[in-house]
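J.: got a predicted structure plus its sequence, pasted below:
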Amino acid sequence: MSTTKWIIDPTHSEVSFKVKHLVISTVTGYFRSFEGSASSPSEDNFDGATIEFSADIDSIDTNQKDRDAHLKSADFFDAATNPKLTFANGILEKKGDDYVLKGDLTMRETTLPVTMDVELGGVAGDPYGNTKAGFEIQGKVSRKAYGLTWSAVTEAGSVVVGDEVKIIASIQLVKQ
């Protein structure tokens, strides 16, 4: 059976995460350097597509250098020892009008199964003759389950960093 190969177009994609700070607000961060690929049954059928993805931990950007350095440190991602976040064995499955993405997410040498909701934006040609496919991906993980356990409590008893991390990605694939 022939398949259609795709790679992420990084200039038209973004990968972000959101976590509660002091339980009262949300901090957003981005992975600025990432790559990934997909293999789908056909150009317009993504049911059963396989997905691989990785992001460079050193590319974390929360718009605050000291916080970025802390996230890259051994308190959190430990970028010196674990330079990448990876998603492997991903399978996209049709669910109603949308999809779910199931696979193995690895951070800090811990691999756990995850399931994320995926919305296909569509497939279209660009002005340069390339075929593109767009996706919106959302999921949640527990940072502590991956060994990102640093925590602090304020004098009033508020947790500084929440456990639940929302993952949000807008991905544009280019047909190869």
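T.: That came through, no problem.

J.: which residue ranges of this protein form strands?
T.: 4-8, 14-21, 25-31, 34-40, 50-56, 60-61, 84-95, 98-107, 110-125, 131-142, 161-175 (DSSP state E).

J.: among these, which comes closest to residue 67?
T.: For these, distance to residue 67 was read as CB to CB. The smallest value, 7.6 Å, belongs to strand 25-31. In short, each C-beta sits where N, CA and C put it, glycine included.

J.: what residues does that closest one touch?
T.: Contact partners of strand 25-31, identified using CB atoms under 8 Å, 6 or more residues apart in numbering, comprise 14-21, 55-57, 59-62, 67-68, 71, 85.

J.: go again using 7 Å as the cut-off
T.: Counting by CB atoms under 7 Å, 6 or more residues apart in numbering, the neighbours of strand 25-31 from elsewhere in the structure are 14-21, 55-56, 59-62.

J.: what is the lowest-pLDDT residue among those?
T.: Across the contacts of strand 25-31, the bottom pLDDT score, 79, is held by residue 21.

J.: gap between it and residue 150?
T.: Note on residue 21: its distance to residue 150, by CB to CB, to the nearest Å, is 13 Å.

J.: now swap in residue 2 and tell me
T.: In this structure, residue 2 and residue 150 are 47 Å apart, going by CB to CB.

J.: these two: who's more crowded?
T.: More neighbours surround residue 150 than the other of residue 2 and residue 150, with 15 against 5 (other CB atoms under 10 Å).
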